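Trainee: Okay, predicted coordinates and the sequence, questions at the end:
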Protein chains: 2
Amino acid sequence: MKIQEIAAEAKKASAIIAKANENQKNSALQSIADLIRIRQGEILVANLRDIEEAKVQGLSSSMIERLSLQNKLSGIISDIESVIKLKDPVGEVLEEYLHNQLTIKRTRIPIGVLGVIYESRPNVTIDVSCLAIKSGNCAILRGGSEAIHTNKIIVGIIQDALCKTELPKTAIQLLESTDRSEVLKMLKLHHFIDLIIPRGGAGLHQFCRENSSIPVITGGIGICHLFVDETAKIEKTLPLIANAKTQRPTVCNALDTLLVHEKIAFTFIPKLITQLSKLGVEFRLCPTSFNIVKKEQLEASYQLAKEEDWDTEWLSLVLGIKVVSDLNRAIEHIVKHSTKHSDGIITENPAHAESFCRAIDSAAVYVNASTRFTDGSQLGLGSEVAISTQKLHARGPMGLKELTTYKWLIHGDYSVRT
Amino acid sequence: MKIQEIAAEAKKASAIIAKANENQKNSALQSIADLIRIRQGEILVANLRDIEEAKVQGLSSSMIERLSLQNKLSGIISDIESVIKLKDPVGEVLEEYLHNQLTIKRTRIPIGVLGVIYESRPNVTIDVSCLAIKSGNCAILRGGSEAIHTNKIIVGIIQDALCKTELPKTAIQLLESTDRSEVLKMLKLHHFIDLIIPRGGAGLHQFCRENSSIPVITGGIGICHLFVDETAKIEKTLPLIANAKTQRPTVCNALDTLLVHEKIAFTFIPKLITQLSKLGVEFRLCPTSFNIVKKEQLEASYQLAKEEDWDTEWLSLVLGIKVVSDLNRAIEHIVKHSTKHSDGIITENPAHAESFCRAIDSAAVYVNASTRFTDGSQLGLGSEVAISTQKLHARGPMGLKELTTYKWLIHGDYSVRT
């Protein structure tokens, strides 16, 4: 099917799924979980086929790891069961008041039709579909070409589950064409699609932002900073930095640049470099920190930072370190280089914490915590469809509520405006 | 100044105005009101110059009426004083909870830099500036070329008021160039500008949607419907329809299409046509209503509706009327033709009201009230910067709160993700 037809079908289906009640939506999700369990053989065969083809194409082992569903299905099934337990956001009354002799309510409703564009990981197909269904939305999924066999089977299963529960199977559809021109057409269908959610690298986000006439949630790019203030407790700060940098270095909420107050630089930096070096971290250092490391003759892999390093999302075991003279210089650096994803301060000074929180307008601002917490389940949203770093509609992790909007319901008594 | 420089200045100023407290922002607004009162002579001279030039250019009298500030300044001053009385939305804690041993808060913050593109009315310059300042935002204003002399004086006054209260004068700036290529450049400056708000006709909204890499609030186009159900109290419905259609026919929340239940069509339509004809309304009629009017030999200006009439926003004293067999046909028509602005039902049947409210996902859905209430002050928001008909971020009237977003503030105790 062409994207225009897919989108028109989604628009029709959206009016039906928007009205589905919580039981019906949960039944569909349970049925998806059951069918994945029953048909896991089929899924894994298709997935192996994708993996074989990826190997022939010469994809990297980390790409293949992301593509693979081997040993991941039981986790996926339990994730679906977690979404079933989440409260249905649709119908919630956000606000209700009397004004002008009218009863005015703002009521939560689904957004409508979501267009989700993502890369290799086929578990995204299931995650996004389940969150879309639970929030009463339709989704058009455009996964990466390398996962096409897996995605076809999965979307087939989801559609079977929708049919079983008498919901329209076109609520979840896969755009099978891997032609980029189809994506370009999709980005112009604002009469049918209400929101585009890209999940992937900076290039994909830029492509969507520049070509879409539909609102786009940009995000996923995190140049994340932590500032270690002079009052930070050093022994407690070291494991925090290690967590932020090394727990999962390939993701957007991993630490990229560490700013250190000059008053503690000489004691803190050698300890940090020594500890992180053991975890395989390499360093890009400002002149001051470079000199400290050199003078102390630390065993570490390091080099002098170039200016562009401060604007680099490392996505690997690389850490930039810069010594700053005070809180304001730290804030200045972050304001200049942050992608407004996750930035934090480590301090025992409440006034500094407050100034930092006021000055930094990133989606998530931390005091004495790792940037790795910017995640739907870590912040208690249950599950997430994406992380937004733009200012409109939603910021940070987007869970079920962030897949909804509202309408004004206004009841009068044959009321006229005077 | 070129738009790139203006935008870079706005970005710098936004960090300062975002932190301004309510008193400081209110002082700036009071100072604007005072300076408008003191310098009204200057404003009116500049405005007369615009009006003279507009007459030479042959602008319509309704355009000239919109351009004119004669006798409007005291109203504008009292509007500013109303904005001063509104509660500052910045800093409000939207949500606060403990999770994962973290204290998690979602806190309201300004959006940042707004780009507002509008046409002739120079009072928009003042309205938007005051709402932007009160909500801690910066604004780049691009008004119509026909109001350029007035807008220059007004923005000068606003900047003087900002300086007086020690807020950055670049918080409010006018893009003086009337060259469309400058607007096109502005729409690409997503590193500096956070939101584009077009205020004008469908063409302007389309231009912004298609060319902007910055999120755009589209709206302002209202093909508004009312459905008169069989149980509607006819004598009370007639003035409601008259209000929706004729109170101010040139605006987006005026009624465009009336749907009438066939069971009451023969009694209701003749009464309606007779009453509205006296108010100067002309009609575009479906075959059934056409035959009723013809048979009754009513004195009215009417013609058979063409298919495209149902997709027309009249913005004038024209009303489409269509007889439908039941509630579901009315809903179908609205779903097909609505621009998701304002649609309503007139009924005494609560089940029908509920079905209608569920099925229609317009920004404002009415039961027994005129569509004319879709307006910030009518709904108790105080004042509005625009009316959104898209699904993201804000729907319907956008007041102060809708000019804000949020950030997550997360406090830990040297917390790491496990």
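Mentor: Yep, it's here.
Trainee: for the stretch 301-418 of chain A, what spans make up the strands?
Mentor: Using DSSP state E, counting those that start in this stretch, the strands found in the stretch 301-418 of chain A span residues A:301-304, A:318-324, A:342-346, A:364-369, A:386-388, A:396-398, A:404-415.
Trainee: avg pLDDT for stretch A:316-324?
Mentor: In this model, stretch A:316-324 carries a mean pLDDT of 97.
Trainee: Identify each buried residue in it, please.
Mentor: A:Leu317, A:Val318, A:Leu319, A:Gly320, A:Ile321, A:Lys322, A:Val323, A:Val324 (16 or more other CB atoms under 10 Å in any protein chain shown). All C-beta spots, glycine's among them, are computed from the backbone N, C-alpha and C.
Trainee: ok so, going back, adding distance to B:Glu92, write the strands of the stretch 301-418 of chain A out as a markdown table.
Mentor: Shown next, in a markdown table, are the strands of the stretch 301-418 of chain A (distance: least, CB to CB, whole Å):
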| stretch | distance to B:Glu92 |
| --- | --- |
| strand A:301-304 | 45 |
| strand A:318-324 | 31 |
| strand A:342-346 | 22 |
| strand A:364-369 | 16 |
| strand A:386-388 | 20 |
| strand A:396-398 | 17 |
| strand A:404-415 | 18 |
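Trainee: returning to that earlier point: can you add distance to A:Ala353 and give the buried residues of stretch A:316-324 back as CSV?
Mentor: Putting the buried residues of stretch A:316-324 into CSV (distance: CB to CB, whole Å) gives the following:
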residue, distance to A:Ala353
A:Leu317, 29
A:Val318, 28
A:Leu319, 23
A:Gly320, 23
A:Ile321, 21
A:Lys322, 20
A:Val323, 20
A:Val324, 16
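Trainee: Quick check: next helix or strand after the helix or strand where A:Asp50 lies?
Mentor: Secondary structure assigned from DSSP states H and E places A:Asp50 in helix A:40-57. Downstream of helix A:40-57, the first helix or strand assigned by DSSP H and E is helix A:61-67.
Trainee: Starting from that following helix, tell me the next helix or strand along the chain.
Mentor: Next element after helix A:61-67 (DSSP H and E): helix A:73-85.
Trainee: okay, the next helix or strand after that following helix in CSV with CA atoms only?
Mentor: For helix A:73-85, the following helix or strand on the C-terminal side (DSSP H and E) is strand A:93-99. Taking C-alpha atoms only, strand A:93-99 is exported to CSV below (Å, rounded to 0.1, in the frame of the first residue of the first chain):
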residue,chain,number,x,y,z
VAL,A,93,-10.7,15.9,33.1
LEU,A,94,-7.7,18.2,33.4
GLU,A,95,-9.7,21.2,34.5
GLU,A,96,-13.3,22.0,35.1
TYR,A,97,-14.8,25.4,36.1
LEU,A,98,-17.8,27.7,35.7
HIS,A,99,-17.2,30.9,33.7
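Trainee: Please identify the pairing partners of strand A:93-99 and their relative orientation?
Mentor: As defined by DSSP bridges, the strand partners of strand A:93-99 come to strand A:102-110 (antiparallel).
Trainee: between the strand it pairs with and strand B:364-369, what angle do the directions make?
Mentor: Between the axes of strand A:102-110 and strand B:364-369, defined by axes from the mean of the first three to the mean of the last three CA atoms, to 10 degrees, the angle is 150 degrees.
Trainee: What residues sit buried inside strand A:102-110?
Mentor: Quick answer for strand A:102-110 (16+ other CB under 10 Å): A:Leu102, A:Ile104, A:Lys105, A:Arg106, A:Thr107, A:Arg108, A:Ile109, A:Pro110.
Trainee: any chance of those in TSV, plus pLDDT and distance to A:Ile157?
Mentor: Putting those into TSV (pLDDT from 0 to 100; distance: CB to CB, whole Å) gives the following:
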residue	pLDDT	distance to A:Ile157
A:Leu102	97	47
A:Ile104	98	43
A:Lys105	97	38
A:Arg106	96	36
A:Thr107	97	33
A:Arg108	97	29
A:Ile109	97	28
A:Pro110	97	22
